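Novice: fold the stuff below for me.
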Amino acid sequence: MKRRRTNKDPKGTDLPTTRNTAGPGTSQILLVGNYDLRRKKSQSGYHRLLKTMLVFLLIAAVIIFVQRLDLKLWSSSSVQVSKQKVLDPWPTPIIHIVNTRFMQHQGNLTTLATARLHLFKTVCLPSMLKQKKQDFLWIIKVDPTLDVDIRNKLVEIIHEGAKLHSTLTATATDIQNGNGGTSAGNSTSIIERIFVIGSNVNYLTGHEEGAWRGGIESREVLSHDIIPNLRSRTHLVSEIYTGTVELLYRAKESEPHRIVLETRLDADDGLNEHFVEYVQKDAMRVFGSSSTLHNANAMVDTASEASTATDAALEYNWFYWCVESHIKWYLNAEGEYGKVDGERRTDFCITPGLTIGFSIGTDVKDIPKYGHHELYKKLGNSCKNIKDDTSTTNTTPCIGFIKEMIAAVRFRTETSAGMADVQARREDHAQLWELLQQHFGVHTANAIESKLYFQENRKGIAKENLEGQCRGDHSCKDSSKFQLKGIVLAS
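Specialist: Take a look at the predicted model:
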């Protein structure tokens with residue numbers, strides 16, 4: 001017998017009726033009482049997803065907490081270690097900082113960066129390695145986002161250059177001393193004094209308020225020593241890629257008790273091998289009496305410096321040094337290495353070699369700070385027109401021009417931010433080539449390699465230089481943009 005369909009459950013209890021809420025050809029939704037079975041299933045999936053997300057958030061919170069705890073414990077232990085270790089005082093009466101900028105605010109422009117690497121390798125690095133007096137700290141600040149391959153190449157160039165220089169210097173010294181060139185020499189310490197640091201912050205001569213004197217600049221530099229990094233296994237990373245960092249800490253600690261010099265050197269410029277020696281000796285002449293008074297225990301390198309410090313000091317509280325004569329190198333001009341020309345400026349401070357000196361006890365806030373193009377106009381004649389004069393001798397100039405040598409060399413190429421004077425206007429001076437090799441450490445092979453790269457990549461260099469205009473504190477002149485656009489269109 002055919003069984004009749006009823007609306008009862010097996011126990012005989014009446015069940016709610018069912019109905020098709022959808023039209024023909026559509027899916028049916030079964031309504032049982034007041035429950036929508038499809039909605040119930042959807043809500044159940046939503047709840048599972050919500051629970052999963054909460055679990056992941058909880059795990060992430062635990063990881064972050066552990067990382068911060070690890071960093072806090074590391075920081076506490078490092079502070080205890082630093083307290084236990086007493087840093088040796090700076091061994092000379094002068095702390096000399098050389099500041100160089102490389103691709104700041106332009107970290108993604110790799111063709112421009114490669115061109116500037118060539119110039120750095122050709123003249124900037126060898127000129128600093130060749131310094132007769134190497135009592136300085138060379139701080140090279142690069143964009144923190146600089147292409148990793150470019151940054152690694154910069155570090156590699158520095159290490160290879162320092163190694164080669166140390167070998168050649170040691171060999172020459174040993175031969176001179178009759179040792180047959182077998183000694184390792186002492187000049188390897190130069191690599192300890194060169195620091196590549198990820199930073200876009202600059203000071204003095206038209207930049208941020210502060211300097212190494214007073215600690216503002218040193219604190220900024222050392223802030224890049226150890227920073228958190230969640231991608232690192234130890235959660236810590238340093239943005240100081242070369243150099244012995246302890247030297248920076250020692251210079252920071254000894255700064256209040258030493259004469260401080262800060263020299264500007266762009267990455268496409270170079271300094272005469274006698275530059276550092278000359279400026280430091282003249283600083284002892286200018287500040288020496290004051291430094292001897294405030295720092296009786298300071299070590300002086302030679303008897304002649306000690307004599308200069310006590311007998312000829314002018315007792316300035318601060319002083320500027322500018323380069324008077326320099327070489328201009330036009331890499332894109334005709335010739336195997338381009339062309340070189342000389343220039344003498346007695347009423348203008350060019351950027352390479354621009355140095356400011358601080359006597360002991362001088363507050364950086366008391367020193368007038370101008371862009372390099374304004375310095376001579378403001379301070380060149382005398383210090384008497386300075387408001388709230390901080391110099392004890394206000395009738396003498398506050399700027400000294402280095403007259404004893406051709407003190408600097410500047411590349412004039414399409415990498416220049418300001419694009420000023422990038423075309424050779426006069427005949428080449430052949431005798432200046434010998435001077436570049438003898439007193440700036442320039443090697444012909446590097447010069448030829450640089451010229452070849454510029455010839456093959458002129459359009460790309462100019463295009464990226466145009467793109468990098470107006471970034472950070474870079475040039476933003478319409479004349480520069482016009483020149484760069486012309487090179488791009490003509491290439």
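
Novice: break down this structure into its strands, ranges please.
Specialist: 31-32, 35-36, 94-102, 137-142, 194-198, 227-228, 236-237, 259-264, 269-271, 318-330, 339-344, 355-358, 399-411 (DSSP state E).

Novice: OK, contacts around residue 208?
Specialist: 201, 202, 216 (Cβ atoms under 8 Å, 6 or more residues apart in numbering). Using the backbone N, CA and C atoms, a C-beta is placed for each residue, glycine as well.

Novice: those residues in helices, which ones?
Specialist: Residues of the contacts of residue 208 located in helices (DSSP state H): residue 216.

Novice: quick check, nearest of the contacts of residue 208 to residue 223?
Specialist: residue 201 (9.4 Å; Cβ to Cβ).

Novice: surely that closest one touches residue 141?
Specialist: Yes. If you go by Cβ atoms under 8 Å, residue 201 and residue 141 touch, sitting 7.5 Å apart.

Novice: please say which of the two ends up with more neighbours.
Specialist: residue 141 (22 against 17; other Cβ atoms under 10 Å).

Novice: rewinding a little: just the closest of the contacts of residue 208 to residue 264, please.
Specialist: Of these, the one sitting nearest to residue 264 (Cβ to Cβ) turns out to be residue 202, at 9.2 Å.

Novice: so that closest one touches residue 139, yeah?
Specialist: No. Contact criterion Cβ under 8 Å: residue 202 and residue 139 do not qualify, at 10.2 Å.

Novice: what residues are shared contacts of residue 201 and residue 141?
Specialist: With Cβ under 8 Å, 6+ apart, residue 201 and residue 141 have no common neighbours.

Novice: helices along the protein, start to end?
Specialist: Using DSSP H, helices in the chain cover 37-84, 110-119, 125-129, 148-177, 216-222, 245-254, 275-294, 303-311, 375-379, 430-440, 444-456, 458-467, 478-490.

Novice: turn the contacts of residue 208 into JSON lines, including distance to residue 352.
Specialist: Formatted as JSON lines, the contacts of residue 208 follow (distance: Cβ to Cβ, whole Å):
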{"residue": "201", "distance to residue 352": "21"}
{"residue": "202", "distance to residue 352": "15"}
{"residue": "216", "distance to residue 352": "24"}
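
Novice: list just the nearest of the contacts of residue 208 to residue 190.
Specialist: Closest to residue 190, out of all of the contacts of residue 208 and judged by Cβ to Cβ, is residue 202, at 23.6 Å.

Novice: ok, that closest one - contacts?
Specialist: Taking Cβ under 8 Å, 6+ apart, one finds 99, 101, 104, 141, 208, 473 in contact with residue 202.

Novice: what about the stretch 201-350 of the chain, any weak spots by pLDDT?
Specialist: Filtered on pLDDT under 70, the stretch 201-350 of the chain yields the residue ranges 205-206, 227-236, 289-315.

Novice: 80 instead, please
Specialist: 205-208, 226-237, 288-315 (pLDDT under 80).

Novice: what of the stretch 351-491 of the chain?
Specialist: Checking the stretch 351-491 of the chain against pLDDT under 80 turns up 369, 380-397, 417-430, 470-477, 479-480, 491.

Novice: again, only this time at 70
Specialist: Filtered on pLDDT under 70, the stretch 351-491 of the chain yields the residue ranges 381-396, 418-428, 473-475.

Novice: so which of the strands of the chain is the most surrounded?
Specialist: For the strands of the chain, the largest average neighbour count (mean count of other Cβ atoms under 10 Å) is found in strand 269-271, namely a mean of 29.

Novice: before we move on, back to that, mutual contacts of residue 202 and residue 139, please.
Specialist: residue 99.

Novice: returning to what we had before: out of the contacts of residue 208, which one sits closest to residue 402?
Specialist: residue 202 (22.8 Å).

Novice: for that closest one, give its distance to residue 221.
Specialist: Distance from residue 202 to residue 221, counting by Cβ to Cβ, to the nearest Å: 11 Å.
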